[in-house]
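1. Build me a model:
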Amino acid sequence: MRLSGVGHPPGLLGRAPLERECNVMTPPETWVAPNPCVITAASVHYNQRVSNEMGQAVTMSDSAPAIDIDETSFESAVVARSHELPVLVDFWAAWCAPCRALAPVLDRVVESYGGRVALAKVNTDEQPRLAATFAVRSLPTVKLFRDGAVVGEFMGAQPESMIRALLEPHVKRDSDRLREQAATAKGSGDLAGAAALLTRALAEDPDNARIHPELAEVSLDLGDLEAAAAVLTSVPLRGADEERVTALRARRRLAQQAANSEEDEATLRAAVEADPTDCAKRLRLGAYLAGLGAHEAALEEFLSVLRIDRGFDDGAARKSMVDIFRMLGNSHPLVGRYRAMMASILN
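-> Now for the predicted structure:
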C-alpha cells in the first residue's frame, strides 16, 4: 500500500501531532472530523516497533463486542454477513488517539442494537492491504456495509447521535415485518391492504423513516391525496430517503393540481385548441397529463406556457416542470432534454 501523509505517531519526530480530539461534526452520509490521524509509513513502523518491544500486539479492548478482521476473514465476516444485518467496520491503529476515543462509543452503539448490528475492526498496521483496498488514508475510518456494499462511512471520532443516524436507515426494526407484508399485498394488487398495513406500522413505529415514503406512495396510488400529504409532512428528519420523499412530494403537488381541475382531458384539449395562448388551460392540461403519467406530454404543455408567458401565475409552469424533474429523477432521459429547453427560454 502506498502510504502518504503529514502525521506521525508519538516519539518518531519528537512530537505527537495526532494526539488531539476530533470534535467538529458534519452530516451523513460521509462525515469527516477535522483532525483524524493520517496513515503514514512512519506510523506503521512505529506500531510494529511498539509491539515488538512490548512482546505483544496492541489491542483495542478485551470487552469490545467486535471481531478482529483480516484479509482471509473479511469476505465471510463482513461482506457475506452484511446481507443479514448492517456491519460497521472500524479501521484503526493503536497509536491513533481519536481511534481510542471512538472505540467505546462504537461498542455502546452496537451493543444497544441487541444483535441487529455487527462491529468488525481492522488494525491497519497489521492489515495494510485491506486499508489500501478500501482507500483508507486517515484514522479512524468507519465504513458501513449492507448487502455486500459500502452504504455509508465517516472519518474521525464522532458522537453516538451521528453514528446512529448513519445506522438507522439500515437496521432491521420490528415494524419492518409489516412493511414486508405491505409490499407483498401491493405486489398482488391489494393497495388498500398495503395501506392498512403501512398505517399500522407507522402507528407502532413513527420513527421508522422507511415507512413514510411507502405509505405516501400507496396513498397516491389510491388517489388519497390528503393521506399522502399528511404522511409526507411527518417524515423524520433523519434516516429518510430524501430523494424519494422529494419525488413523492412533487408527485402529490402535480396530482393535487389535476384534482383541482373540474374539466376532463377532452374539454381541456378543446379549450387549448380554441385558444392556444390560454395559459391557464394549458397549465391545467399539463397537470392533468402529469397525473396520468404522460410526463412528456405534460412537459410540452408547461413548456408552451413558458414560451407564451414565463411569469404566468407566479412561474407555475416552471415549478411544475421542476416537480416532474424531481419525480422522474436526474437520470431519466426526459429530464436533461426538457431542463435544457426550459433553461433556454428562461435565460
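
2. Please make it C-alpha for all contacts and neighbour counts, starting now.
-> Noted.

3. Around residue 328, count how many other residues there are.
-> 19 (other Cα atoms under 10 Å).

4. Surely it is in contact with residue 322?
-> No: under the contact definition of Cα atoms under 8 Å, residue 328 does not touch residue 322, with a separation of 9.9 Å.

5. Next, the contact list for residue 285, please.
-> Counting by Cα atoms under 8 Å, 6 or more residues apart in numbering, residue 285 makes contact with 258, 265, 268, 269, 298, 301.

6. And for residue 265?
-> In this structure, residue 265 makes contact with 285, 288, 289, judged by Cα under 8 Å, 6+ apart.

7. out of these, which one sits closest to residue 317?
-> Using Cα to Cα, the shortest approach to residue 317 within those belongs to residue 285, at 11.3 Å.

8. that older thread, which ones among the contacts of residue 265 map onto helices?
-> Secondary-structure check on the contacts of residue 265 using DSSP state H: residues within helices are 285, 288, 289.

9. For these, give me CSV that also has pLDDT and distance to residue 102.
-> As requested, the ones in helices among the contacts of residue 265 are arranged in CSV below (pLDDT from 0 to 100; distance: Cα to Cα, whole Å):
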residue, pLDDT, distance to residue 102
285, 95, 57
288, 91, 54
289, 93, 53
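
10. ok, back up a step: can you add pLDDT and give the contacts of residue 285 back as TSV?
-> Shown next, in TSV, are these (pLDDT from 0 to 100):
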residue	pLDDT
258	84
265	91
268	94
269	95
298	96
301	97
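
11. how far away is residue 66 from residue 272?
-> Here residue 66 is placed at a distance of 67 Å from residue 272 (Cα to Cα, to the nearest Å).

12. How about residue 162?
-> Distance, residue 162 to residue 272, by Cα to Cα: 53 Å.

13. Nearest to residue 230, out of the contacts of residue 265: which one, please.
-> The shortest gap between residue 230 and any of these belongs to residue 288, at 22.2 Å (Cα to Cα).

14. Just give the closest residue to that closest one, not the sequence neighbours.
-> Spatial nearest neighbour of residue 288, chain neighbours left out: residue 258 (4.5 Å); criterion: Cα to Cα, 6 or more residues apart in numbering.

15. Can you give me the neighbour number for residue 100?
-> Counted by other Cα under 10 Å, the residues lying close to residue 100 total 17.

16. I meant to write residue 318 there.
-> The number of residues packed around residue 318, counting by other Cα under 10 Å, is 22.

17. before we move on, what about the one 4 residues further on?
-> Applying other Cα under 10 Å, we find 18 residues neighbouring residue 322.

18. Quick check: phi and psi on it?
-> Note on residue 322: its backbone torsions stand at phi -60, psi -40 [degrees, to the nearest 10].

19. cool, residue 139 as well?
-> phi -130, psi 150.

20. Show me what it bridges to in the sheet.
-> residue 37 (DSSP bridges).

21. I'd say it and residue 97 touch.
-> No: with contact taken as Cα under 8 Å, residue 139 and residue 97 are classed as non-touching, separated by 9.2 Å.
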